[in-house]
Structures are given as C-alpha cells and as structure tokens.
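Engineer: Dropping a prediction and its sequence here:
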Amino acid sequence: MKEEVVELNVKDICDFPKHPFKINNDLNYEELKNSIIESGILVPTIVRKKEDGKYEMLSGHRRKKICEEQGIKKIPCIVKDISDEEAIILMVDSNLQRDKILPSEKAMAYKMKYDAMKSMTPSVSNKRKDEILGEQVGESREQIRRYIRLNNLIPELLQLVDDTVLKDKRSALTMGLRPAVELSYLSKDDQELVYEEITYEDLTPSHVQAKR
C-alpha cells in the first residue's frame, strides 16, 4: 500500500530529540542543497505526529535545514503513526545510509537503537540483541559493543576517535577504536588525566598501552 505524501509547514516540524547525526556543510550537503534549489525535494521526509499537534522529524533533517535556510515554507512528508521505540529505530536506520558516519555518531545511534530493541523485546537476551543489531547494520557483535562503549568517553577523547575520520592521521593526533574502548572504563577524572598526558606528549596510546 502506497503511503500518502502530505505538505507540512517546516516550522511545525521539530528535530528528533538527541538526534545523533550531525549536519555538516560538506560536499554532499551542498549537492543536496543545489538539487533542492533546482528541482525541489524529490524524496519526502518522514515524520510522526506529536501530542501537541506538531510533528517530529524522523528522516530528513538535512532537507529540513536547507528549507529553513532557503526560506522554503512547506516540505513533503510521510506521516508515520509509530511508537517511541519504532521511531528511534526508523530514525537510526534511515540515517545510517549516509556516506560518512563518525564513530561518535555510530556510538550514540547504536546505543539508541539497542535500548529501543531492549524495550520492545525484553525476552530476547542482550547477547542476541547485539547479534541482531550487528546483522542489521553490517557490524560484528563485538564491534557493536565497542561502539556503544564510546558513549562513556569524555568529549575530548571521543573527538580524537572522530578525528580518525575527519583528519589525516599522518598530520593530526587521532586515536583508534580499540584503545578508546579500553579508556572508556576509566572514571571521568582519570580520563581527563589521560587526555592531559596525551596532549602533553602529543601521542595517543596503543591498544596494549590503553589496556594496561
């Protein structure tokens, strides 16, 4: 059954709470903006209706932002009637199709989807949920757990992990996923001490060093 597309006022649509995916003014964003300026929005966004009569964006945050920048008042939407957990899963799945996703974005997105799955299927073991999530996003169960652990890092250390994607490792200070996971088990105060040492030495620890 084909879902109905409706035109909604952009001002009546809010962003998804704690949306884990950043909107960057990169090449893909510019290409999308030019396409919208020239041809309009070709793919409808996906929203759900809130109790106050307004709407919550599930898929289409970049399109919405471009409309706001360009003064476009209305945007084509598919309105979903779904639960909080279903909304989280749809939001995460639709955004994981992006070309470049930062480790911090994966960390928060995987955690949000994992918690939603945990709420929807309490009888399924946590290990099996890891496996199911991994199969859905193309990661191993162990990799899923590693990414989720990143949510326990202080922002400064997490930025070093993101920089493995954002910067040239030959000229910038970056930290791999596995040493970052080991540091995530430290207290926040100890992580701050480690970060001070990293900046002082201008060197990040190896997996073995971080584990020790």
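Structural biologist: Looks like it came in fine. Residues are numbered from 1 along each chain as shown.

Engineer: Tell me if I'm right that Leu58 and Ile89 touch.
Structural biologist: No - the pair Leu58 / Ile89 is not scored as a contact, 9.7 Å apart, by CB atoms under 8 Å. For every residue, glycine as well, the C-beta is placed using N, CA and C.

Engineer: neighbour count winner among the two?
Structural biologist: More neighbours surround Leu58 than the other of Leu58 and Ile89, with 28 against 20 (other CB atoms under 10 Å).

Engineer: Name the SS class of that one, please.
Structural biologist: Secondary structure, DSSP: H, G, I helix; E, B strand; the rest coil: Leu58 is strand.

Engineer: show me the residues around it that make contact.
Structural biologist: Residues near Leu58 by CB atoms under 8 Å, 6 or more residues apart in numbering: Phe16, Thr45, Ile46, Val47, Arg48, Lys80, Ala87, Leu90, Met91, Ser94.

Engineer: Show me how far the host helix or strand of the fifth one is from its chain's centre.
Structural biologist: Assignment of secondary structure by DSSP states H and E places Arg48 within strand 45-49. With CA atoms, centre = their mean, to the nearest Å as the basis, the distance from the averaged C-alpha position of strand 45-49 to the chain average is 18 Å.

Engineer: give me the number of residues near Lys73?
Structural biologist: 11.

Engineer: distance of it from Asn25?
Structural biologist: Note on Lys73: its distance to Asn25, by CB to CB, to the nearest Å, is 22 Å.

Engineer: List the buried residues of the longest strand along the chain.
Structural biologist: Ranked by residue count and defined by DSSP state E, the top strand of the chain is strand 74-80. The neighbour-count check on strand 74-80 (16 or more other CB atoms under 10 Å) flags Ile75, Pro76, Cys77, Ile78, Val79, Lys80 as buried.

Engineer: try stretch 146-153
Structural biologist: Buried residues in stretch 146-153 (16+ other CB under 10 Å): Arg146, Tyr147, Ile148, Arg149, Leu150, Asn152, Leu153.

Engineer: Just confirm the first one contacts Gly176, I think it does.
Structural biologist: The one in question is Arg146. No - assessed by CB under 8 Å, Arg146 is found out of contact with Gly176, at 10.4 Å.

Engineer: quick one: low-confidence parts of this protein?
Structural biologist: Counting by pLDDT under 70, the ranges of the chain that qualify are 1-2.

Engineer: so where do the strands sit in this protein?
Structural biologist: Taking DSSP E as the criterion, the chain carries its strands at 5-9, 13-14, 45-49, 55-59, 74-80.

Engineer: Turn those strands into TSV, including distance to Tyr200.
Structural biologist: Below are these laid out as TSV (distance: least, CB to CB, whole Å):
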stretch	distance to Tyr200
strand 5-9	52
strand 13-14	43
strand 45-49	47
strand 55-59	43
strand 74-80	49
